[in-house]
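Undergrad: would you be able to build a 3D model of this:
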Amino acid sequence: MSEPNRAGTQSPAPPPCADAGAAVDVLWTGGWDSTYRVLDLVFNHGHPVQPHYVIAPVREGSPYEVAAMEAIREGVERRGRGALLAPVRQSSEDDLDPDPVSMRQIRQLRSQGRMGLQYEYLSGYARQRLGGRPLDLSIEKAVHPGAFDFLGGHVVPAPDSVGGGYTLPPDVEGPLGLFLPFRFPLLDLTKQDMEEAARQAGFVDLMALTWFCHTPHRGQPCGQCSPCRDVVTEGLGWRLSKRAHVRRLLLPAHRAVAGARRRLGAARRRATGAIGEAASPLG
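TA: Residues are numbered from 1 along each chain as shown. Next up, the predicted model:
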């Protein structure tokens, strides 16, 4: 493998696989993990990719995720690999049919630990829109509690996963059935592992275009939402600006002040109610 230049690019890229076959269906959000999966397939394996994106209307970061995917695609095209990256198939969470089973499964999982609500509608999307094909879900080897902890002891190797990966056995029982439509290609990698691998492969500069914040502040990561805090604990604190780091460090104080204000307001309402009862005439 040739050495990457100072810009983080590398030439020449490996040629497309002659036996690439069908495109790999990948859930792509414009975030770090899913972007690594897309770029690893395109640049390291020369394999075609069919990205999927499910818009959650309530998430303020969605327009930024779309913009990140567009910028990354432009970078892929500049390097002559655009033909391997199909147009993103977009859908909305609101377009999916409600699934009582998935709703029950996500409630059960969340009662046992940290689990994002998005997995309920992502599972529904994979079941309803992919016709039985597996969808690559880029859950990484995390350093904080989450989906990785639920899956770790239950997955088995997925021989059909390009570059390696895992899946759940078809007879898995209980709420983990929520994840049956997925393959997990990144369970062996941390975010820092991906950063180093992307640097070695020459596309780390494209990784820097990814988006992660749920509640942007003036067009930049806020530093206070869960994904912003996670990038710091996962060793990618360089992705936050100095101001975002300040907001992150001030978050406990802000929460303490907000809690004190709520308690004070509740105490005032109780006191007002008590005074009103004392002043009311006896009936």
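
Undergrad: quick one: the helices in the stretch 1-150 of the chain?
TA: 32-39, 62-78, 100-112, 118-129, 147-151 (DSSP state H, counting those that start in this stretch).

Undergrad: which outside residues touch the last one?
TA: In this case it means helix 147-151. 109, 112-113, 115-116, 119, 139-142, 166, 168, 176, 179, 184, 187 (C-beta atoms under 8 Å, 6 or more residues apart in numbering). Any C-beta I mention is one placed from the backbone N, CA and C, and that applies to glycine too.

Undergrad: can you say which of the residues you listed are buried?
TA: 109, 115, 119, 139-142, 166, 168, 176, 179, 184, 187 (16 or more other C-beta atoms under 10 Å).

Undergrad: now distance to Gly80 and pLDDT too, for these, in a markdown table please.
TA: Output for the buried ones among the contacts of helix 147-151, formatted as a markdown table (distance: C-beta to C-beta, whole Å; pLDDT from 0 to 100):
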| residue | distance to Gly80 | pLDDT |
| --- | --- | --- |
| Leu109 | 42 | 96 |
| Met115 | 40 | 93 |
| Tyr119 | 35 | 96 |
| Ile139 | 30 | 96 |
| Glu140 | 28 | 94 |
| Lys141 | 32 | 93 |
| Ala142 | 34 | 80 |
| Tyr166 | 32 | 97 |
| Leu168 | 37 | 97 |
| Leu176 | 41 | 97 |
| Phe179 | 36 | 98 |
| Phe184 | 30 | 97 |
| Leu187 | 31 | 96 |
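
Undergrad: and of the residues you listed, the nearest to Arg247?
TA: Among these, Ala142 lies closest to Arg247 (C-beta to C-beta), at 23.1 Å.

Undergrad: gap between that closest one and Arg73?
TA: Separation of Ala142 from Arg73 (C-beta to C-beta, to the nearest Å): 27 Å.

Undergrad: going by distance to Gly202, which of the contacts of helix 147-151 wins?
TA: Nearest to Gly202 among the contacts of helix 147-151, with distances taken as C-beta to C-beta, is Glu140, at 20.8 Å.

Undergrad: how close does the closest one get to Leu84?
TA: 23 Å.

Undergrad: before we move on, what about Val76?
TA: From Val76 to Leu84 the distance is 8 Å (C-beta to C-beta).

Undergrad: picking that back up, and of the helices of the stretch 1-150 of the chain, who's closest to Ala201?
TA: Across the helices of the stretch 1-150 of the chain, closest to Ala201 is helix 32-39 (C-beta to C-beta), at 7.8 Å.

Undergrad: rewinding a little: in JSON lines: the helices of the stretch 1-150 of the chain, plus distance to Val231.
TA: JSON lines is the format used below for the helices of the stretch 1-150 of the chain (distance: least, C-beta to C-beta, whole Å):
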{"stretch": "helix 32-39", "distance to Val231": "8"}
{"stretch": "helix 62-78", "distance to Val231": "14"}
{"stretch": "helix 100-112", "distance to Val231": "23"}
{"stretch": "helix 118-129", "distance to Val231": "18"}
{"stretch": "helix 147-151", "distance to Val231": "16"}
